[in-house]
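Q: sequence and predicted structure, then a few things I'm wondering about:
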Amino acid sequence: MFFFRKKSENVEPDLPFLAGIGTDIHSHLLPAVDDGSQDLDTSVSFIETLHALGIQNVITTPHVMMDRYPNSAETLSEPFRQVKNALVEKNIPVQFHHAAEYYMDEFFEELMKAPLMTLNGELILVEISFMSAPPQLHQWLFELAAQGYRPILAHPERYNYYHATPEDYKVFKQRGCYLQVNLLSLTGYYGKHIQKTAEWLVENKLIDFIGTDLHHSKHLQAIKSIAKDKKLVKLLENYAFKNNTIQIVPQSI
């Protein structure tokens, strides 16, 4: 059973079902930089659809995974400019920005020596292996905090090795790490065991942010189908996600 807060007076019942979230903080919508969108037209089309579903701000987060996607602020600047300009040309009224989703592996310690791409100057999205957590994980999270960052752990419900010890999720929160659930995890898209964990995290109010983690058209179709799920739509309207508390730093193109 979900526990809901009183419905926000700022979210009208006839608005698109993602209107209460407003800001999507996790997606892969810069063309041909990772395993997400592979061309400009797709990126713009996906963003246009998110806007139609209620999203007003998109902070897209391409992978920084040094052995596969060695992205940096320099490599991402041109694809970001292309998407930003295309949105303006098509009069799509979405605020579009980019940060990154950092993969915490043996290369991450070196990455921390330079400025990292953040959601708002402070918040940084990180992910870990689906096979096992790196032994240095909590040390790295501590170091990020010491440098003035506030880490957000992407899709914690998808790390199966935590399912047997759910109290580990509370340790992340106790140490100042935010948790971001994937929207599609709550639909069963990734499997029932992941859905069950996502719901447990929500029920226990351990989730801070939600993100689409949008990569491709199959994801988008699954997101659109949520409109038919009254229970999940109600959750999206009433859970106190922090997405719209982010003060976005404008980016030049």
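A: It's in. Residues are numbered from 1 along each chain as shown.
Q: rest of the way, CA atoms for contacts and neighbours
A: Fine.
Q: how about the strands of the protein, start to end?
A: 23-24, 57-60, 63-64, 95-98, 101-103, 123-127, 150-154, 178-182, 209-211 (DSSP state E).
Q: got those as CSV, with mean neighbour count columns?
A: Below are these laid out as CSV (neighbours: other CA atoms under 10 Å):
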stretch, mean neighbour count
strand 23-24, 26
strand 57-60, 24
strand 63-64, 24
strand 95-98, 21
strand 101-103, 23
strand 123-127, 22
strand 150-154, 23
strand 178-182, 25
strand 209-211, 23
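Q: output the longest helix belonging to this structure.
A: helix 73-89 (DSSP state H).
Q: circling back to that earlier point, need the strands of the chain in CSV with mean pLDDT and distance to H138, can you?
A: Formatted as CSV, the strands of the chain follow (pLDDT from 0 to 100; distance: least, CA to CA, whole Å):
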stretch, mean pLDDT, distance to H138
strand 23-24, 98, 26
strand 57-60, 98, 25
strand 63-64, 98, 19
strand 95-98, 97, 26
strand 101-103, 98, 14
strand 123-127, 98, 12
strand 150-154, 98, 11
strand 178-182, 98, 13
strand 209-211, 98, 20
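Q: poorly predicted segments of the stretch 151-253 of the chain, please.
A: Applying pLDDT under 70 to the stretch 151-253 of the chain flags the ranges 250-253.
Q: before we move on, the earlier item: redo the strands of the chain as JSON lines? Include distance to W200.
A: What follows is those, written out as JSON lines (distance: least, CA to CA, whole Å):
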{"stretch": "strand 23-24", "distance to W200": "22"}
{"stretch": "strand 57-60", "distance to W200": "26"}
{"stretch": "strand 63-64", "distance to W200": "27"}
{"stretch": "strand 95-98", "distance to W200": "30"}
{"stretch": "strand 101-103", "distance to W200": "24"}
{"stretch": "strand 123-127", "distance to W200": "20"}
{"stretch": "strand 150-154", "distance to W200": "16"}
{"stretch": "strand 178-182", "distance to W200": "11"}
{"stretch": "strand 209-211", "distance to W200": "14"}
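Q: which residue of this protein lies farthest from its centroid?
A: E89 (26.1 Å; CA atoms, centre = their mean).
Q: please report how far that one lies from T60.
A: For E89, the distance to T60 (CA to CA, to the nearest Å) stands at 19 Å.
Q: appreciated, that's everything.
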